[in-house]
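S.K.: give me a model of this one.
(one chain, ligands or ions: 1)
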Amino acid sequence: MPPPPLTPAGKTTGFPLPFMSPNLDSPVQTQLAVAVFNGPLFGEFHGNKRMEGKLSGRRRVFVQTETGSVLGMELDRGDNAHTVKRRLQLALNVPTEESSLTFGDMVLKNDLSAVRNDFPLLLTKNLLQRSSSTPCLSPTGKDLQQRDWSSPIEILGQSSRLFGTKQLVKDIVKAIKIGVDPIPIHSGLGGAYFFRNSRGESVAIVKPTDEEPFAPNNPKGFVGKALGQPGLKRSVRVGETGFREVVAYLLDYDHFSNVPLTALVKITHSIFNINDGVNGNKPHDRKQVSKIASFQQFIPHDFDASDHGTSSFPVAAVHRIGILDIRIFNTDRHAGNLLVRKLDGVGRFGQVELIPIDHGLCLPESLEDPYLEWIHWPQASIPFLEDELEYIKNLDPVQDCEMLRMELPMIREACLRVLVLCTVFLKEAAAFGLCLAEIGEMMSREFRIHEEEPSELEVVCINVRRLIAEREASSTEVEAGGEEFPFDIDCEEAELDFTPKFAAKDFMIKMPFLFGFRGKNGRNPFSKLVESTWEEESEGEEEPARMEEYAALLVQDPVPTAAKLSSLLRNTSLVEKNLQYMGAKLEHGYLAGMSSGNRSANEQLPTSASFVKLGEMNEEEWALFLEKFQELLYPAFANRKSVIARQRLRLRHGTSCQF
Ligand SMILES: Nc1ncnc2c1ncn2[C@@H]1O[C@H](COP(=O)(O)OP(=O)(O)OP(=O)(O)O)[C@@H](O)[C@H]1O
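M.R.: Now for the predicted structure:
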């Protein structure tokens, strides 16, 4: 179904958000005040003037420092990253030439034309500087205080789907003005607050991005990382769960899966936590702070799915939430993230409604192990209903991406690729006749003897990368008129036939690295997955005996399962080295840049292997990858069906033997 029409939301509030130091006596602070109030970038706009601002090419952005502080700033057409950083330097009172200004995947070097009105930019210290003694980029604290003239809650983004949030915002602002304060939520790992209306009823849950687990202002002691670093899940950066919550809502067309209204906001209140002692325990001491946060409608409910037996959950509700979880590759669908509301009324006794919440850990930057609580619920094994199949058929991942790029321009390309891959996977799997549980199982990794194995979905991706690498290598061979392909089979012909009867012979062609094939230059045409390792380690010899083992295994089982393939892979020294390399990369890339005080957060993190990264391919490679991915899905689906059939047969035999 088509995404909702994208109409610009009218804005009611003016800008800018001038910020100034409480200590205005110092020359730097005075300069700052001048820059803030007299500079061309900090004029005040209200109502129509805001529109004029837009027409004259002016944009307002929010610059979020890596410690979470938010500064409002107006950009003029002539602005570039350098001028913005210079202004920030005045505001922050620290040199910012060693810092980077980023917008999603983009490091803003000069041109700011891609930066959209009302969206947050992130100012981070460069890795080399992070461990040095330069102070944190934070305007909060004793030496600088924000004065914010904009509305206490501003919605970021322009989707018509966010209109519903406006009434909620109005109610909350009214309540704040008459002294109805938000309530901090004590459960969970991140900072979260129930905001209330004038009657004192909770109407929204607000989660500031700098109070997420491990973020600098987390109120529950889980700190130690700067915004933009790998977070609780390595493939979801700290500070980036908020926009993912909005993604889940925006993708939930027609409210199919019941995701509550969710928006990204800039919100100012004294309730929020700052871990520098400014907002202490005494309520009258607390200062107003601005945050970028997710803002979700509060849904009154009776309990969550962890408090109750699941048998009363409607099949359709479980399916619809499952469909969303597959599309967005949810890594956090535990029972606590499903609210349950009893439906009252005649003839509805015992009936409940499910409300999915907490989508901050969806769309990781690389494939991981999803967490799908519903996977073993009986409802998930019931075939999809007609309307669900229709919904799935109408999903269009390309349109989804266009819509998300428009609504949340900071979204990373790697996340969008995960969305595309999973949507294609869902569509093909449903068309093939798989049920929700089967699809979820194919996405999930297995742990065997404390080791994580790639999921069946990841195995398909790994095979696609190899297939492409092999194709590239063989075309190089042909061009160079060099060494003959080691198998007497027409490669093109074999590629056309991706039927479930995937012959071992074909498999050898498609995975030549397992069989000792080397390209002209003596390099195995293995996927980019191991490229860096290969650079360093390519002189190692394959083990012929092991290759024979693989061949024998493949003859017995032409379509290897994830488990078998994984064990083959694990036995391949290349892959072992690759995993070690990736582990080391994570260690060196991410940990090395952190001060020793930040270590604790990393030590608490469980490391999860990254078998498949989609973000590293260029556009052309990605298009080819998707094409081959679709082709290789069918053998994988057929294999899953046959595994299930065998399991059922074994179960039946087992049962009959018992009696
Ligand atoms: N939309 C909502 N409506 C009503 N209650 C909600 C809503 N979203 C969250 N809650 C409540 O707030 C609590 C905390 O929310 P949530 O789980 O999203 O926060 P979190 O900090 O991400 O938690 P966790 O660390 O468990 O993932 C939930 O347990 C739930 O009871």
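
S.K.: point out where the protein drops to low pLDDT.
M.R.: 1-57, 94, 96, 127-150, 277-285, 345-348, 477-608, 653-659 (pLDDT under 70).

S.K.: per the annotation, how does it divide into domains?
M.R.: Per the record, the chain has its domains at 17-149, 152-377, 451-647, by automatic domain parsing.

S.K.: residue in the chain nearest to the ligand?
M.R.: The nearest approach of the chain to the ligand comes at Gly188, 2.7 Å away (Cβ to the nearest ligand atom). Every residue, glycine included, has its C-beta placed from N, CA and C.

S.K.: now that residue: phi and psi?
M.R.: phi 80, psi 170 (degrees, to the nearest 10).

S.K.: and it, what does it touch?
M.R.: Lys220 (Cβ atoms under 8 Å, 6 or more residues apart in numbering).

S.K.: same thing with Gln64?
M.R.: Gln64 neighbours (Cβ under 8 Å, 6+ apart): Val70, Leu71, Pro120, Leu121, Leu122, Leu123, Thr209, Asp210, Leu227, Gly239, Ile292.

S.K.: list the buried ones in stretch 441-456?
M.R.: Glu441, Met442, Met443, Ser444, Arg445, Glu446, Glu452, Glu453, Pro454, Ser455, Glu456 (16 or more other Cβ atoms under 10 Å).

S.K.: any chance of those residues in CSV, with secondary structure and distance to Asn110 too?
M.R.: Output for the buried residues of stretch 441-456, formatted as CSV (DSSP: H, G, I helix; E, B strand; the rest coil; distance: Cβ to Cβ, whole Å):
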residue, secondary structure, distance to Asn110
Glu441, helix, 48
Met442, helix, 45
Met443, helix, 41
Ser444, coil, 44
Arg445, coil, 42
Glu446, strand, 48
Glu452, strand, 42
Glu453, strand, 45
Pro454, coil, 41
Ser455, coil, 42
Glu456, helix, 45
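
S.K.: closest one of those residues to Gln379?
M.R.: Glu441 (14.7 Å; Cβ to Cβ).

S.K.: just give the closest residue to that closest one, not the sequence neighbours.
M.R.: Ile375 (6.5 Å; Cβ to Cβ, 6 or more residues apart in numbering).

S.K.: that neighbour: neighbour count?
M.R.: Per other Cβ atoms under 10 Å, the neighbour tally for Ile375 reads 20.

S.K.: report the separation between it and Arg646.
M.R.: Using Cβ to Cβ, to the nearest Å, Ile375 is found at 20 Å from Arg646.

S.K.: ok, Ala293 next?
M.R.: 50 Å.

S.K.: neighbour-wise, which of the two wins?
M.R.: Taking neighbours as other Cβ under 10 Å, Ala293 and Arg646 compare with Ala293 leading, 28 against 10.

S.K.: secondary structure element holding that one?
M.R.: strand 289-297 (DSSP states H and E).

S.K.: partner strands of the helix or strand that comes right after that strand and their direction?
M.R.: Downstream of strand 289-297, the first helix or strand assigned by DSSP H and E is strand 303-304. With DSSP bridges as the test, strand 303-304 is paired with strand 338-342 (antiparallel).

S.K.: which residues sit against the partner strand?
M.R.: 299-305, 307-308, 313, 321, 351-357, 373.

S.K.: drop anything exposed from these.
M.R.: Neighbour counting by 16+ other Cβ under 10 Å classes 299, 301, 304-305, 308, 313, 321, 352-357, 373 among these as buried.
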